[in-house]
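J.: Need coordinates for the below:
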Amino acid sequence: MATEPVPVGQKTGTGSDTYLSRAVVDARLATPEEVQACIAKQQKLNAAGTPMQLAEVLVRAGIVTASQLKRLSNPADDSLSQSLQQIPGFQIMQKVGAGAMASVYKAKQLSLDRIVAIKILPKRLSEDPEFVKRFIAEGRAAAKLNHNNIVQAIDVGEFAGYHYFVMEFVDGKTVYDELAKNRVYQEQAALDVIIQIAKALQHSHERGFIHRDVKPKNIMITKDGTAKLADMGLARQADDAEAAEAEKGRAFGTPYYISPEQVRGVTDVDFRADIYSLGATLYHMVTGKVPFEGPTPAAIMQKHLKEPLVPPDHLNPKLSTGLAEVVERMMAKDRNRRYASTSDLLTDLERVARGEAPLQAREGVDDKILQNLASGSEAEAFEPNSHATAQKMPSAGASSVNAGLIAAVISEGVLILILLLVLILK
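T.: A predicted model of the protein is given here:
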């Protein structure tokens, strides 16, 4: 089952527990450490044959009350629903989603007679200046971007003490919805989605915005197959020095897909963080597994910093070498070894989608070697005067791919020698 950890606690096996662990911290009813201790207690109880919901563990520990949990389970309470019906210019139709930080409603914009989505902060967060600031920033960031592969912002406002954000209504599902069904994307289908999102990021990056939370949940697919990048909640301008300094030392992002520099909390996070997260998303789509797993978000983030990436084609042998090379280049731990621009990334993704070799990801690798191996011409692959013998060890994300290539060449050479010996002995 595909899962996404929350910034606190660890995955507990149920979506409700995952939501709750985030919600109690967002509502400032508990600290991350208190939630983590309750999750550990829950796991011990489960292992001992006494399964218990996280909510019950929290109540028994005295962290929250039953009434507080009831309010958390329904971020959009009755008063919110009534207030929404009074937002001038909109007719609320139905609730389509809810998370720890906001609820989303399908509505009609009366002036233009069109369907929109309204994202609204619950009362407890509408009274928090920090959350309101981030919420408004999300709307303003999205409003400055106009691209078919980005969910379009329409309006930001406040009514009856509630802050809301009106945006394009996307009739479809997220990539995460598919992964949650244990779906592994075929290479071409995954590339079709990722290329569209790369175009959205290129548009965003060219206008000075970095998303900082690219992940399957934030990629929506319409019924006609259009991929749209959603949720600009963590987006900020790359040159916003004041915001960068305020966030110094804090890890913003989702642990399964976060870049190493975001884990470190550096102040100069740039477009390459989005490239890493998009690579992690592509990895998940084509392998069915996240790049790194661990018992806690902290453990997962440490692996992004230090643990080597298992090449995606080692988990899914059906993948092309080119796709594996591109993913490894995107997910290089040293951001200087990733793609130098989103445009360069798009070039490689589109080449791989056409069945061609990537240009940037395969720096230092002679395509002729791969062609000879594919055609079975080992003798030409080992030609002393070939360009391959003069190649230097490649840098960046292609290193592990080339190591595998060398191993394959040696293995095939040994096999030929064995066959020759058998023929001689006969």
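
J.: where does the stretch 51-200 of the chain dip in pLDDT?
T.: Scanning the stretch 51-200 of the chain for pLDDT under 70 picks out 67, 70-86, 99-101, 138.

J.: Which parts of it are strands?
T.: In the stretch 51-200 of the chain, the strands defined using DSSP state E, counting those that start in this stretch lie at 90-98, 103-109, 114-120, 153-159, 162-168, 172-174.

J.: which of the ones you listed sits most buried?
T.: Most buried of the strands of the stretch 51-200 of the chain by mean neighbour count (mean count of other C-beta atoms under 10 Å) is strand 162-168; its value is a mean of 22. (Each C-beta comes from the backbone N, C-alpha and C, glycine too.)

J.: Can you list the neighbours in contact with it?
T.: Residues outside strand 162-168 that contact it (C-beta atoms under 8 Å, 6 or more residues apart in numbering): 80, 83-84, 87, 90, 107, 109, 116-123, 126, 132, 135-136, 138-139, 142, 151-158, 228.

J.: Just checking: what are the partner strands of that strand?
T.: Strand 162-168 sits in its sheet next to strand 114-120 (antiparallel), strand 153-159 (antiparallel), going by DSSP bridges.

J.: Mind putting these into a markdown table with distance to residue 269?
T.: Compiled in a markdown table, the strands paired with strand 162-168 are given as follows (distance: least, C-beta to C-beta, whole Å):
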| stretch | distance to residue 269 |
| --- | --- |
| strand 114-120 | 24 |
| strand 153-159 | 22 |
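
J.: List just the one of the ones you listed that sits closest to residue 170.
T.: For residue 170, the closest of the strands paired with strand 162-168 is strand 114-120, at 7.3 Å, according to C-beta to C-beta.

J.: Pull the closest one out as PDB, backbone CA atoms only.
T.: Provided in PDB are the C-alpha atoms of strand 114-120 (Å, rounded to 0.1, in the frame of the first residue of the first chain):
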ATOM      1  CA  ARG A 114     -18.700  27.900 -13.800                       C
ATOM      2  CA  ILE A 115     -17.700  25.200 -11.400                       C
ATOM      3  CA  VAL A 116     -14.800  26.000  -9.000                       C
ATOM      4  CA  ALA A 117     -13.200  24.600  -5.900                       C
ATOM      5  CA  ILE A 118     -13.000  26.500  -2.700                       C
ATOM      6  CA  LYS A 119     -10.300  25.600  -0.200                       C
ATOM      7  CA  ILE A 120     -11.000  26.900   3.300                       C
END
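
J.: Help me confirm that residue 290 comes into contact with residue 255.
T.: No: at 9.1 Å, residue 290 does not count as touching residue 255 under the criterion of C-beta atoms under 8 Å.

J.: what about these two, which has more around it?
T.: For residue 290 and residue 255, the more surrounded residue by other C-beta atoms under 10 Å is residue 255, and the numbers stand at 27 against 22.

J.: Am I right that the more buried one is in a strand?
T.: No: going by DSSP: H, G, I helix; E, B strand; the rest coil, the assignment for residue 255 is coil, not a strand.

J.: my guess is it meets residue 293, correct?
T.: No: counting by C-beta under 8 Å, residue 255 does not reach residue 293; the two are 9.9 Å apart.

J.: got any residues that touch both of the two?
T.: Contacts common to residue 255 and residue 293, judged by C-beta under 8 Å, 6+ apart, are residue 300.

J.: tell me the average confidence for stretch 293-300?
T.: Mean pLDDT, computed over stretch 293-300, is 91.

J.: pull the CA atoms of that stretch into PDB?
T.: The C-alpha coordinates for stretch 293-300 follow below in PDB (Å, rounded to 0.1, in the frame of the first residue of the first chain):
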ATOM      1  CA  GLU A 293      11.600   3.900   3.800                       C
ATOM      2  CA  GLY A 294      12.000   4.000   7.500                       C
ATOM      3  CA  PRO A 295      10.100   3.800  10.800                       C
ATOM      4  CA  THR A 296       9.900   7.600  11.300                       C
ATOM      5  CA  PRO A 297      10.000  10.700   9.100                       C
ATOM      6  CA  ALA A 298      13.400  11.600  10.600                       C
ATOM      7  CA  ALA A 299      14.800   8.200   9.600                       C
ATOM      8  CA  ILE A 300      13.500   8.500   6.100                       C
END
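
J.: buried residues in it?
T.: Applying a neighbour-count criterion of 16 or more other C-beta atoms under 10 Å, one finds 294, 296, 297, 298, 300 buried in stretch 293-300.

J.: and what of stretch 126-140?
T.: For stretch 126-140, using 16+ other C-beta under 10 Å, the buried residues are 126, 131, 134, 135, 137, 138, 139.

J.: residues touching the fourth one, list them.
T.: Residues in contact with residue 135, defined by C-beta under 8 Å, 6+ apart, are 102, 121, 125, 156, 163, 165, 233.

J.: Among these, give me the pair with the biggest separation.
T.: Greatest spacing in the contacts of residue 135, by C-beta to C-beta: 125 and 156 (14.8 Å).

J.: Next secondary structure element downstream of the helix or strand containing residue 298?
T.: Here residue 298 sits within helix 297-306, counting by DSSP states H and E. Next along the chain after helix 297-306, taking DSSP H and E as the criterion, comes helix 312-315.

J.: Which elements pack onto that next one?
T.: Packed against helix 312-315 by the contact rule (3 or more C-beta pairs under 8 Å, 6 or more residues apart in numbering; DSSP states H and E) you find helix 271-287, helix 321-330.

J.: Tell me which of these approaches residue 338 most closely.
T.: Smallest distance to residue 338 across the helices and strands packed on helix 312-315 (C-beta to C-beta): 4.9 Å, for helix 271-287.

J.: pretty sure residue 95 is touching residue 107, no?
T.: No: taking contacts as C-beta under 8 Å, residue 95 lies outside contact range of residue 107: 10.2 Å.
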